[in-house]
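J.: From the sequence below, what's the structure:
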Amino acid sequence: MAAKLLFTGELPIRDIDVSDRLRPLSETAVVSLMASIEEVGQQSEIHVRKIRHQGGRMKLILGRHRIEALSRLGCTSIASKLWDCTDDWARMAEIDDNLAHADLNALDLAVFLAERKVVYERMYPEAKAATGAALVAKRWNTTDMMSAVSKENDVMSFCQSVAEQRDLSERQIRRLVAAGQALDRESIRQLRAAPKRVTLADLQTLAKCGVEADRRAICAALAAGEAKSAKAALTARYAKPGDVARQPADLDARRLADAFARASQEGRKRFARDHLEALQKLIAQVSK
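T.: Below you'll find the model as predicted:
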């Protein structure tokens with residue numbers, strides 16, 4: 001279903017549901033907006049959608065900080081655009097607006113990118129069939145979801161466009177997506193509460209972490225300020241009593257052992273066949 005603009009004008013703030021947002025409010029952004037609104041007024045409408053079967057209730061699409069700023073200034077209504085649209089159209093609009101305009105930290109960027117992938121594949125199921133390079137190369141028209149809101153007409157690879165905007169490589173973007181997909185709500189909450197801001201390197205460590213218990217332990221350690229980085233938290237997790245630090249090779253060996261133990265007998269045989277030459281060389285080295 002295509003989105004349809006129903007109304008442009010003032011709407012009561014009390015009738016707008018602002019729950020279930022992908023990014024928490026920034027106090028700095030709210031205070032800055034309050035100062036701007038007091039000086040020049042609200043410069044652009046927020047975007048809301050009709051909630052079916054709930055009378056006059058509406059759900060916010062774009063403009064959470066503007067609503068908060070105007071509410072604190074004592075305003076009871078806000079300039080808005082009201083849409084009739086699907087849940088996925090609204091979520092995609094929220095995601096793309098933040099990716100295009102918000103100053104997102106690495107964690108929020110991972111959350112938005114992962115959610116965009118989920119929503120996009122739900123809207124376009126054929127995208128699930130593409131993997132690896134084919135998925136990166138797949139091109140779509142962002143105007144399908146956002147033209148009515150952003151007026152953008154560019155057709156570009158998702159990873160490529162975000163990489164260019166964020167000065168990151170497409171490989172880093174894919175790792176951010178993987179990290180965002182690996183983190184549950186509690187882990188995201190913990191990382192946002194961490195005394196030290198989560199870095200891209202932390203998220204890459206989390207994305208590569210194949211053991212869920214390890215991932216949860218890393219998030220808990222960062223939230224409690226017990227580790228300076230995700231890599232340090234993982235290293236400390238496998239340290240023996242009295243060890244100063246475990247070597248990265250120890251962690252690699254543990255991951256390989258875990259993967260081998262979980263694999264089927266046929267899977268182990270196939271791995272041995274595929275890597276026979278490399279394994280024979282390693283065996284010869286350790287036998288010396």
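J.: Low-confidence ranges, this structure, go.
T.: Scanning the chain for pLDDT under 70 picks out 1, 53-55, 127-159, 161-162, 165, 240-251, 288.
J.: Check it for its longest helix and report it.
T.: When every helix of the chain is counted residue by residue (DSSP state H), the longest turns out to be helix 106-123.
J.: Could you list every helix and strand that it packs against?
T.: Where contact means 3 or more CB pairs under 8 Å, 6 or more residues apart in numbering; DSSP states H and E, helix 106-123 is packed against helix 87-101, helix 158-166, helix 170-182, helix 185-193, helix 200-208. For the C-beta atoms, the positions are set from N, CA and C on the backbone; glycine is no exception.
J.: Buried residues, that helix. List them.
T.: Of all the residues in helix 106-123, those buried under the rule 16 or more other CB atoms under 10 Å are 106-117, 119-120, 123.
J.: And for stretch 88-107?
T.: Those would be 88-99, 104, 106-107, for stretch 88-107 by 16+ other CB under 10 Å.
J.: Contact partners for the closest residue to Cys209 other than its chain neighbours?
T.: Closest residue in space to Cys209, ignoring its immediate chain neighbours: Arg215 at 4.8 Å, by CB to CB, 6 or more residues apart in numbering. Residues in contact with Arg215 (CB atoms under 8 Å, 6 or more residues apart in numbering) are 182-183, 187, 206, 209.
J.: again, only using 7 Å
T.: By CB atoms under 7 Å, 6 or more residues apart in numbering, Arg215 lies in contact with 182, 206, 209.
J.: Likewise for Leu234?
T.: Counting by CB under 7 Å, 6+ apart, Leu234 has contacts 205, 209, 214, 218, 251.
J.: so how far is Leu99 from Asp87?
T.: With distances taken as CB to CB, to the nearest Å, Asp87 is found 19 Å from Leu99.
J.: got it, and His47?
T.: Taken as CB to CB, the span from His47 to Leu99 is 16 Å.
J.: what's the nearest residue to the residue nearest the centre of the chain if we skip its chain neighbours?
T.: Taking CA atoms, centre = their mean, the centroid of the chain lies closest to Val111, which sits 1.4 Å from it. Leaving out its chain neighbours, the residue that sits closest to Val111 by CB to CB, 6+ apart is Gly180, at 5.1 Å.
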